[in-house]
Structures are given as structure tokens and as C-alpha cells.
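[1] when you get a sec, could you give me coordinates for this:
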Amino acid sequence: MKKFFAKWLMDIAKYIVTALILSSALTDKISGWLYYIACFGLVAIIVLIGVLLYKKSEKEEKSEKKDDKV
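    Purely as a prediction, here's the structure:
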């Protein structure tokens, strides 16, 4: 379940970056740097949480496989 949620979080981060790129490309108005910094900060946090959950689920799967062998 954690692996699925981690992959979902990484997909959400990709959607945020895509929305940022499309919105900046399609508007004539140049947005402030605060908007870009906030979006990239949010993406960094989401990706970090996703990676941590993914690694944790991988460790749990490895420990379960070791327990099954014994």
C-alpha cells in the first residue's frame, strides 16, 4: 500500500510541474518568482515523501521475504 501511495505522490508532483510549465507558456503575464519557488518547493516536499515511503516499503518487502525463507 505504501508503494502505491508513493508512486501516486510522485505522479502528483509531475502534474504540478506540468501545470507550472503550461501555465507559464500559455500566459502573456510573467508570474512572480515566488510562485515558481512555491511550486518547486511543494514538488520537492511531495517527491521527498514519495521516495521515503517507497524506500520504506522496499525494506519491509525485503524483511518479509527473509522471514518467509526461515
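
[2] now do the helices in this structure.
    Secondary structure of the chain by DSSP state H: the helices cover 2-26, 33-69.

[3] how about JSON lines for these, with mean neighbour count and mean pLDDT added?
    From N, CA and C alone the C-beta is placed, and that goes for glycine too. Converted to JSON lines, the helices of the chain look like this (neighbours: other C-beta atoms under 10 Å; pLDDT from 0 to 100):
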{"stretch": "helix 2-26", "mean neighbour count": "14", "mean pLDDT": "87"}
{"stretch": "helix 33-69", "mean neighbour count": "13", "mean pLDDT": "86"}
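
[4] so who does the closest residue to residue 56 other than its chain neighbours touch?
    Spatially, and ignoring its direct neighbours in sequence, residue 56 is nearest to residue 2 (6.1 Å; C-beta to C-beta, 6 or more residues apart in numbering). By C-beta atoms under 8 Å, 6 or more residues apart in numbering, the contact set of residue 2 is 53-54, 56-57, 60.

[5] kindly report the same for residue 45.
    By C-beta under 8 Å, 6+ apart, residue 45 lies in contact with nothing.
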